[in-house]
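Q: Next comes the sequence, and after it the predicted model I'd like to discuss.
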Amino acid sequence: MQMVLADLGVGEDTLSEAEKRSLDEQGYVVLKEMFTLAQAATFRLRLEELAAQEGEEAGKEAHQEKGVIRLADLINKDPIFEYCFTHPRLLASARRVLGPSFRVDSLNARFSLPGDGDGHQQLHADWGSADPAEWAKVMIGVYFGMNSLWLLDDFTPENGATRTCPGATALARCPKTRWPIRSHPMPMSWSCWLRPARSSLSTPTAGTAAPSTAPMTCAG
């Protein structure tokens, strides 16, 4: 695995010290300018084509969600998406969180649609276990999964930006067991990721509703 990572350009200095510190202390990192405007446009166009082709079946390989368009299994739908799981800065982030051995689980896309609350998710982690031994490992900093979000549109308060709770990884439990509020409104201690397109974010998260007509697309 280390040889593969090295071949893909992953080294000890792939992440800056500030990026490493953000992962360690906040549980996430913002990796800026991970792709060009042209790449973002190409990804967005291909996702729109897939959404049109799949229609009402879109996302069924994983799950569908009211108020959004979801696309699943992008790994097997177009080679252009390989970029999203072979980028050295993303892989360096995964290695720091998960250790030297890990694998890709899935790659999906989410279009947040304008609406009156549809698409507003509860805070969640995309990992869970019924095994107390695995949760005991999480409590000492041994993690079993990491998400990345590839921002194809600017994330703003108006278009359904993702929200998170910085440092939530230190809670060592799934957020819904600690905060059993159905939609988890955003208190002052939470953050909403307001970032320009072309960024990648690598934590418990939740999508928000999109009150405006501005588009919001991400892959991850």
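A: Happy to help now that I have it.
Q: Please tell me how far residue 96 sits from residue 72.
A: Using Cβ to Cβ, to the nearest Å, one gets 27 Å for the distance from residue 96 to residue 72. The way it works is simple: take the backbone N, C-alpha and C, and place the C-beta from them, glycine included.
Q: again, but for residue 27
A: Going from residue 27 to residue 72 by Cβ to Cβ gives 25 Å.
Q: Also residue 14?
A: Counting by Cβ to Cβ - residue 14 and residue 72 are separated by 29 Å.
Q: where are the low-confidence patches of the chain?
A: 115-125, 157-220 (pLDDT under 70).
Q: And the helices in this structure?
A: Secondary structure of the chain by DSSP state H: the helices cover 2-7, 17-26, 37-54, 83-86, 88-98, 132-139, 175-178.
Q: As CSV, those with distance to residue 62 and mean neighbour count would be great.
A: Below are the helices of the chain laid out as CSV (distance: least, Cβ to Cβ, whole Å; neighbours: other Cβ atoms under 10 Å):
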stretch, distance to residue 62, mean neighbour count
helix 2-7, 26, 11
helix 17-26, 26, 14
helix 37-54, 12, 15
helix 83-86, 16, 18
helix 88-98, 20, 20
helix 132-139, 22, 12
helix 175-178, 19, 14
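Q: Adding distance to residue 148, write the ones you listed out as CSV.
A: What follows is the helices of the chain, written out as CSV (distance: least, Cβ to Cβ, whole Å):
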stretch, distance to residue 148
helix 2-7, 16
helix 17-26, 12
helix 37-54, 14
helix 83-86, 7
helix 88-98, 6
helix 132-139, 19
helix 175-178, 19
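Q: Which of the ones you listed sits closest to residue 146?
A: Nearest to residue 146 among those is helix 88-98 (4.7 Å), distances taken as Cβ to Cβ.
Q: Could you name the helices and strands sitting against the closest one?
A: Judged by 3 or more Cβ pairs under 8 Å, 6 or more residues apart in numbering; DSSP states H and E, helix 88-98 is in contact with helix 17-26, strand 30-31.
Q: Can you give the strand pairings for the shortest one, parallel or anti for each?
A: Read that as strand 30-31. Sheet pairing here is set by DSSP bridges, and for strand 30-31 it gives strand 200-201 (antiparallel).
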